[in-house]
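K.L.:
Prediction below, plus the sequence it came from.
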Amino acid sequence: MSLLDVREASKNFGSLAAVRGVSLSVRAGELRAVIGPNGAGKTTFFNLITGAFRPTSGSIHLDGRDITAVAAWRRVTLGMARTFQITEIFPELTLAENLRISFEVASGLRLRPWISRATAAKLHRDVEEMLDLAGLAAKAGRLVGELSHGDQRAAEIAMALALRPRLLLLDEPTAGMGEQETYDVAQLIRRLHRDRNLTIVLIEHDMRVVFHLADRIAVLDQGSLIADGTPAEIAANAAVQAAYLGKPNDAGAA
Amino acid sequence: MKESGRTHPAVLVAIWVLLLLAPYWLGLVGGYTALGARVLVLGLAAMSLNFLLGFTGVLSFGHAAWFGLGAYGTGLALKWVAASTPLALLLGTLLGGALGAVLGAMLVRRRGIYFAMVTIAYGQVFYYIAYRWNALTGGDDGLRGFSRQPLEIGPWHIDIAANGVAFYYFVLACFAAAVALMALLLRSPFGHSLLAIRENERRARFLGIPVEFHIWIAFALSCVFISFAGGLYALLNNFADPNNLHYSLSGDLVIMAVLGGMRRFWGPLLGAAVFVVLQDYVSSLTTNWMSFIGLLFVAVVLFFPRGLLGIARRRSLA
Amino acid sequence: MIQLLLFNVTNGLIIGAFYVLMALGLSLILNLSGVINFAHGGFLVLGGYLAYTLTPFLGYWGALIVAPLLTAVLGVVIEQVLIRRLYGRDPLYSLLMTFGLAFIFEDATRYVWGAQGLPVTIPAFLGRPVSPSLFFITYYRLFMVVVAAVAVTLLFLLLRYSRVGVRIRAGTLDLETVSTLGVNVGGLRALNFALGIFLAGLSGVLAGGQLGLDPTMGSGLLMPSFIAIIVGGVGSLPGTLVGGLLIGIASGVTAVFFPSASEAVMYVLMALVLLARPRGLMGEEGLMT
């Protein structure tokens, strides 16, 4: 059974149809990439899944449960965590504080006016472990806003992981990164997928990363799903090539 | 949390020593005990506002309304309910806190400049009521006919009514209790969730924090704290008047917070001290004190946007 | 009774016209630059006093035009020197800045022109009643409504059809896109600020002729203008227009039946509107949240 099930989801902004009747099913443990040219509606599609927007029509299901009407923050508590195309972090707090808050919320403590020493110690250990995993242990006390772009991206992924998600959604995790940073992030994602068997949906522009990591690839163009298959199938797909090479006439024919 | 933003213990000790000894040194520098009490009360008010402004990132520009409600509530309770200072203070705090919680629920979806505007307008509703409801509030002349009562705690009788120094220590005890509670909250996971909202609302929401709900609680708490300060203000003056609710007082409280440093826990207290002392001094010198206060606003925005305590760049918050 | 009602409705309409002029100026600046201009009332007062000073030299009609223009010029100077640098920063700072400016304006007016009220002389024929049965409606009252109506119409025509107006409206919706299209956003904001201040100055001159001048009159008009904007819906100029007229007329009508509640009614109106439509009558989802 699939962990995430999007059924015929559409989103209109006024007269603009950003996402048109897209259906997508992601199995537990799968790493699914979503690709498509700029303006294809990938981020809007993510926003529908995570609850930033309500779909104009269609429905979203997590683990068989219809979550179309569930608020964004509650979807997180149901096991859905995400990162953003433009890094969203708490810039004027330290890296450790960023992670600490994530763990506090994930542990259901967000309304607690105080916590026991034992709980505080547990949170502290969680933060240290996550810093190690993300390779950021040396920068724990730095303000996140002052870290390098690559470290900020990694910090955001670590914050999402701190939520102990069942489904992790990454919006262009390598955006704006250099060669080495891209490689590091790709390795991190692979570890999460392989070692922790985490289900991941990934929007990505870097095709090497996509074809290297993904189990299956979904292709969006002008709001519609034009292909969905294994990397090999997608590489051979004429419609996908047309969309990427920018020949709209051919795309219609394919 | 690493708590690297905590106030240095030595500074903390210095603050409390200064406050504890205020009745003894204020006279030496040309001040007086009631001025010290005024700084404490307005400082507490500015810190309460800053709970929202500096630590939740929500721009309330009508907070004088809750301050004034606390003042009127306390005064009315002393006048009509019972001659008990603690009870009156409690009732005043509840009045402002409860109305703040109700109105806050209607405001939490607004943000930024719109939030500021709606809070001003709502705040003026209470100003208007205090101004017009002569029979209850004394209207423009203000609420008179009540006075703070001596404390009766078990066998002890503490005369805070006539003895200014005793009253100062009463105010200081109230201040300490409120401030300790505020500090505790800000250090807790709940307080951290407020920092998260201030820093990045979207990230906070996608961390699983119901942002509006948390802002609502922060707003209500802030109203409770500032109503408490308002109640103390009524006790200090044995008087409450509509200006206690007017938006220009809201502006004064905001400038105190910004002047001292709104990212620092103790910033608003410093801001209040500077503001109150300057106002006291300047209004005794010139009738053009409005221009002076106006210039202070302009100067703070241009030269100290991070406040006096923010000049030294901080390493961390919380 | 009918006469009393008519009198108060007219009164409400006139008050509403002031609110509209004032609130439209505030709205223009708020929508494009994200600044709540607390000093708006100060500019209004300044307009009135400048007219008072200029009338002996230019006559009433000259002052009616020149005083608001001078006010607008001063507005641009203040915008360029003090407010411009706060665009894009936390709205807290522009709020505090204009808050302080309002204090300075009021004190400066008192310093220059004195604390006591001053009369503004209007042409004699405007002071006469329209007819013996409608003795309470002077030509001046009609004149104020007409001038306000003309100013508002011109403003909306300007925003609708002129290049600058179209840019201002576009900038209100999406300033970034407008700036990438090569529009000088700084200049646009300054011009827009001038437009808003001109309206404040104009209402100052008009109000002076009816009520006389007083350094504190500006702050009294500020809160109703805020409420007009909130009732109409932040971000919508037509909303501001409707909101201003609505609270003006509502307080006029209330004055007939419950004179003491004529001010309260605008607060009640605001609460009712916000309960029914949290974004105001014509406020839109997504704008200025």
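P.N.:
Structure's in. What do you need?
K.L.:
Only C-alpha atoms from now on, for both contacts and neighbour counts.
P.N.:
Fine.
K.L.:
count of residues packed around residue 147?
P.N.:
No chain specified, so I'll use chain A. Number of residues near residue A:147 (other CA atoms under 10 Å in any protein chain shown) recorded here: 16.
K.L.:
The intended chain is chain C.
P.N.:
15.
K.L.:
Name the helix or strand for it, please.
P.N.:
helix C:139-161 (DSSP states H and E).
K.L.:
Return the residues of chain B in contact with chain C.
P.N.:
Residues of chain B lying near chain C by CA under 8 Å from any CA of the partner chain: B:59, B:109-114, B:117-118, B:121, B:125, B:128, B:251, B:255, B:288, B:290-298, B:301, B:305.
K.L.:
quick one: which of these sit in strands?
P.N.:
Secondary structure defined by DSSP state E assigns none of the residues of chain B next to chain C to strands.
K.L.:
how about residue A:197, what does it touch?
P.N.:
The contact partners of residue A:197, by CA atoms under 8 Å, 6 or more residues apart in numbering or on different chains, come to residue A:29.
K.L.:
Kindly give a single PyMOL line that selects the buried subset of the residues of chain B next to chain C.
P.N.:
Command for PyMOL that selects the buried part of the residues of chain B next to chain C, burial taken from 16 or more other CA atoms under 10 Å in any protein chain shown:
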select buried, chain B and resi 59+109+110+111+112+113+114+117+118+121+125+128+251+255+288+290+291+292+293+294+295+296+297+298+301+305
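K.L.:
residues near the residue in the stretch 51-200 of chain C positioned nearest to chain B, how many?
P.N.:
Using CA to the nearest CA, the closest approach of the stretch 51-200 of chain C to chain B is made by residue C:100 at 3.8 Å. Residue C:100 has 28 neighbours, counted by other CA under 10 Å.
K.L.:
same deal with residue C:116?
P.N.:
9.
K.L.:
repeat for residue A:178
P.N.:
11.
K.L.:
Quick one: the strands in the stretch 151-254 of chain A, in order.
P.N.:
A:167-171, A:199-203, A:216-221, A:224-229 (DSSP state E, counting those that start in this stretch).
K.L.:
TSV for those, including distance to residue C:50?
P.N.:
What follows is these, written out as TSV (distance: least, CA to CA, whole Å):
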stretch	distance to residue C:50
strand A:167-171	58
strand A:199-203	62
strand A:216-221	62
strand A:224-229	63
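K.L.:
Might you report the residue contacts of the residue nearest in space to the middle of chain B?
P.N.:
Geometric centre of chain B, nearest residue: residue B:45, 0.6 Å, by CA atoms, centre = their mean. Shown in contact with residue B:45 (CA under 8 Å, 6+ apart): B:67, B:225-226, B:229-230, B:253.
K.L.:
For it, what is the enclosing helix or strand?
P.N.:
Going by DSSP H and E, residue B:45 is part of helix B:33-53.
K.L.:
again with residue C:172
P.N.:
Using DSSP H and E, the element containing residue C:172 is helix C:163-173.
K.L.:
which strands and helices sit next to that helix?
P.N.:
Here helix C:163-173 touches helix C:2-33, helix C:139-161, helix C:175-180, helix C:185-211, going by 3 or more CA pairs under 8 Å, 6 or more residues apart in numbering or on different chains; DSSP states H and E.
K.L.:
now what about stretch B:261-277, what contacts it?
P.N.:
With contacts defined as CA under 8 Å, 6+ apart, stretch B:261-277 is touched by B:7, B:35, B:38-40, B:42-44, B:46-47, B:50, B:53-55, B:183, B:253, B:255-260, B:306-310, B:317.
K.L.:
Sorry, slip of the keys, the one I care about is stretch B:138-155.
P.N.:
B:72, B:75-76, B:78-79, B:83-86, B:130-134, B:137, B:157-161, B:235-236, B:238-242.
K.L.:
same deal with stretch B:127-136?
P.N.:
So stretch B:127-136 is contacted by B:65, B:137-140, B:241-243, B:245-246, C:264 (CA under 8 Å, 6+ apart).
K.L.:
For it, buried residues please.
P.N.:
B:127-132.
K.L.:
would CSV of these with pLDDT be doable?
P.N.:
Listed next are those as CSV, based on pLDDT from 0 to 100:
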residue, pLDDT
B:127, 91
B:128, 88
B:129, 89
B:130, 90
B:131, 88
B:132, 86
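K.L.:
So which of those residues are in helices?
P.N.:
Counting by DSSP state H, the buried residues of stretch B:127-136 place B:127-132 in helices.
K.L.:
Show me the shaky parts of the chain.
P.N.:
Just going to use chain A. A:245-254 (pLDDT under 70).
K.L.:
that's the other chain; I wanted chain B
P.N.:
In chain B, residues with pLDDT under 70: B:1-6, B:311-318.
K.L.:
Any residue of stretch A:25-44 touching chain B?
P.N.:
No: Stretch A:25-44 does not reach chain B (CA under 8 Å from any CA); its nearest approach is 14.8 Å.
K.L.:
if I pick the residue of the stretch 1-150 of chain A found nearest chain B, what's in contact with it?
P.N.:
Here the residue of the stretch 1-150 of chain A nearest chain B is residue A:73; by CA to the nearest CA that distance is 4.1 Å. Residue A:73 is in contact with B:205-210, counting by CA under 8 Å, 6+ apart.
K.L.:
Need the contact partners of stretch A:103-112.
P.N.:
Here stretch A:103-112 makes contact (CA under 8 Å, 6+ apart) with A:77, A:123, A:126-127, A:162-164, B:188-190, B:193, B:207-209.
K.L.:
Let's see it as PDB, backbone CA atoms only.
P.N.:
Extracted C-alpha coordinates of stretch A:103-112, given in PDB (Å, rounded to 0.1, in the frame of the first residue of the first chain):
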ATOM      1  CA  PHE A 103      13.100  18.100  18.700                       C
ATOM      2  CA  GLU A 104      10.900  19.800  21.300                       C
ATOM      3  CA  VAL A 105       8.000  20.200  18.800                       C
ATOM      4  CA  ALA A 106       8.500  16.600  17.600                       C
ATOM      5  CA  SER A 107       8.400  15.300  21.200                       C
ATOM      6  CA  GLY A 108       5.000  17.000  21.700                       C
ATOM      7  CA  LEU A 109       6.400  19.500  24.200                       C
ATOM      8  CA  ARG A 110       5.500  22.700  22.300                       C
ATOM      9  CA  LEU A 111       3.000  23.900  24.900                       C
ATOM     10  CA  ARG A 112       5.100  22.900  28.000                       C
END
